[in-house]
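>>> Let me see the structure of the following:
(2 chains)
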Amino acid sequence: MNYRSPRGTHDIFGINALGMSLLEQKSKEIFKKYGFEEIRTPIFEDASLFMRSIGQATDIVEKEMYVFEDRKGRKLALRPEGTASLVRACIEHRMDISNPAGKFFYSGEMFRYERPQAGRYRQFHQIGAEYYGNSSPAADAEVIVLAQDLLAAVGIDKINVHINSLGCEKCRPFFRKTLIKYFSSAQGLCDDCARRLKNNPLRLLDCKIDAGKFIEVPQMANYLCDGCKDNFNSVKSLLKSVDCVYTVDEKLVRGLDYYTRTVFEIRSDSTSSQDALAAGGRYDNLVEELGGHDTPAMGFALGSERVMLAAQSVGLFNNFKDSEKIFIAIADQELFNGAFAFAVKIVRNGLSFNKDISVFGPINGKSLTNQLKYADKIQASKTIVFAKTEFENGKVLIKNMKDKTQIEAVINEL
RNA sequence: GUGGUUGUAGCUCAACUGGUCAGAGCGUCGGUUUGUGGAGCCGAAGGUUGCGGGUUCAAGUCCCGUCAGCCACCCCA
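Numbering: from 1, shown residues only, chains lettered A, B, ... in the order given. Sure, this is the predicted structure:
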């Protein structure tokens, strides 16, 4: 055991690989229904792209990014999230002006240098979507419902949808100032909050230690401008119209700088601290800030590993539909080549009575007894036995592993 | 990044206060008279007890370091 996967990374196999595929497959179906098309962007980008979009003072940029230089000295970074890349691609290919309905989804691995624990890894997977060019609250509601549907598709319905509005570039700065003013004179802030007061004062609102310690904390809701207020109300009534149960959460503050107005988070019932399954929000200024046209945008991402954890507790993976397993056995060693050729043939063409099969065997150098034991272990439903006397008549034996019955069959008819 | 906790065969675990303590179950492989399986019975492989130091006559068992997992914080999806 000399080598292990690097800290915070893991190999995905067995039931987890199945689950991951299922999640990706289901989400693609749903994205398609909502009219989103797939986009695949590079796994690394100019480091400065993330610094500018996510925010210089955020933890992600300050201490969690995998930054490296290539041989020509370009400063690159492994993507810590998907939105920045999508915005870049959107601008680079002029999708901001050529595509009236820019609805894109992506799926892939992200990288963040964090201390690992369950549901939090250094290489992890996100599935997300971005909706460009629609400033309507309907886009916000659509994305939130889409995220909810994605989770429901893998059996996760015990969730809490939290929403909030962070205001826009007009009203947020004033709220920010008010908040700083309020907490600057406050006594007994925890160490983290003292630090947060400088970097990201909005974060003080969801501190676990200081929560409830202070009274009459300024609420964003009271500082929203008329436009933002109307917008948020519309989002709420649209969500109601599609029976989306949500909680308005004044304390919901997203960590990334680019969010404006609507933000949301979908949490599981789990007791784990890593309970945020999906989150996102509106970012109306980012496209322009990164050099594109003035393009409103709304997006979200879900953490695949966390969703998988939640899905497993729901028992999602217990009822996977497997193909019928067929095992090819040989009773006489000299029939091996013929059996092998047959195996490849049915792999390619299926069997006449079932095209949806997985084929195992033949195996060299095992007694027939042990071949059948093996067939049991892999849970084959049928074993096709190549035996000399039948083979000479162009036949094989098909054994039903469940009821032990066995029939002869003409090879060419299978 | 901070604090805590854990680390023995593929898996789940055992080994009292340091002294035949390196084991069991499951799993894997093979045998059970040779062209037929799932049980039973028999047998085998597999661990320098995460790694590296130290204390001791003697360490899986104590001490230090390190690596890794987990939990909380932090952060975030």
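
>>> if I've got this straight, residue A:238 is in a helix?
Yes: secondary structure of residue A:238 (DSSP: H, G, I helix; E, B strand; the rest coil): part of a helix.

>>> Could I get the contacting residues of it?
A:137, A:138, A:140, A:141 (C-beta atoms under 8 Å, 6 or more residues apart in numbering). Glycine gets a C-beta too; all of them are placed from N, C-alpha and C.

>>> out of these, which is most surrounded?
Most neighbours among these, by other C-beta atoms under 10 Å: residue A:140, with 29 neighbours.

>>> Can you read off the pLDDT for that residue?
pLDDT for residue A:140: 97.

>>> For it, pull up the helix or strand it's in.
Here residue A:140 sits within helix A:137-153, counting by DSSP states H and E.

>>> so, in contact with RNA strand B or not, that helix?
No: using C-beta under 7 Å from any atom of the strand, we find that helix A:137-153 stays clear of RNA strand B, coming within 9.3 Å at best.

>>> list the buried ones in that helix?
Across helix A:137-153, burial judged by 16 or more other C-beta atoms under 10 Å covers A:137, A:139-151, A:153.

>>> Just flag the most distant two among these.
A:137 and A:153 (24.4 Å; C-beta to C-beta).

>>> sorry, back to before: who does the helix or strand just after the helix holding residue A:140 touch, helix- and strand-wise?
Next along the chain after helix A:137-153, taking DSSP H and E as the criterion, comes strand A:159-165. With contacts taken as 3 or more C-beta pairs under 8 Å, 6 or more residues apart in numbering; DSSP states H and E, strand A:159-165 sits against helix A:137-153, helix A:226-241, strand A:246-248, strand A:260-268.

>>> I would like the residues contacting strand A:159-165, please.
Contacts of strand A:159-165 (C-beta under 8 Å, 6+ apart): A:144, A:148, A:151, A:220-221, A:224, A:228, A:231-232, A:235-236, A:239, A:244-253, A:261-269, A:277.

>>> relative to strand A:159-165, how tilted is the helix or strand just after it?
Toward the C-terminus, strand A:159-165 is succeeded by helix A:172-184 as the next helix or strand (DSSP H and E). Computed with axes from the mean of the first three to the mean of the last three C-alpha atoms, to 10 degrees, the direction of helix A:172-184 lies at 100 degrees from that of strand A:159-165.

>>> Which other helices and strands does the very next helix or strand once past helix A:172-184 contact?
Sequence-wise, the next helix or strand downstream of helix A:172-184 (DSSP H and E) is helix A:191-199. With contacts taken as 3+ C-beta pairs under 8 Å, 6+ apart, helix A:191-199 sits against helix A:172-184.

>>> ok, so of the buried residues of helix A:137-153, who is nearest residue A:45?
residue A:143 (23.2 Å).

>>> pLDDT score for that closest one?
Looking at residue A:143, the pLDDT reads 98.

>>> Residue A:214 now?
The per-residue pLDDT reported for residue A:214 equals 72.

>>> that older thread, if any of the contacts of strand A:159-165 are buried, give me the ChimeraX selection for them.
Command for ChimeraX that selects the buried part of those, burial taken from 16+ other C-beta under 10 Å:
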select /A:144,148,151,220,224,228,231,232,235,236,239,244,246,249,250,251,252,253,261,262,263,264,265,266,267,268,277
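
>>> quick one: the lengthiest helix in chain A to helix A:137-153, angle?
If each helix of chain A is counted by residues according to DSSP state H, the longest one is helix A:15-33. Compare the direction of helix A:15-33 with that of helix A:137-153 by the same axes, to 10 degrees and you get 150 degrees.

>>> Tell me the helices and strands packed up against whatever helix or strand comes next after helix A:15-33.
As assigned by DSSP H and E, the chain's next helix or strand after helix A:15-33 is strand A:37-38. Using 3+ C-beta pairs under 8 Å, 6+ apart, the elements in contact with strand A:37-38 are helix A:15-33, strand A:102-111.
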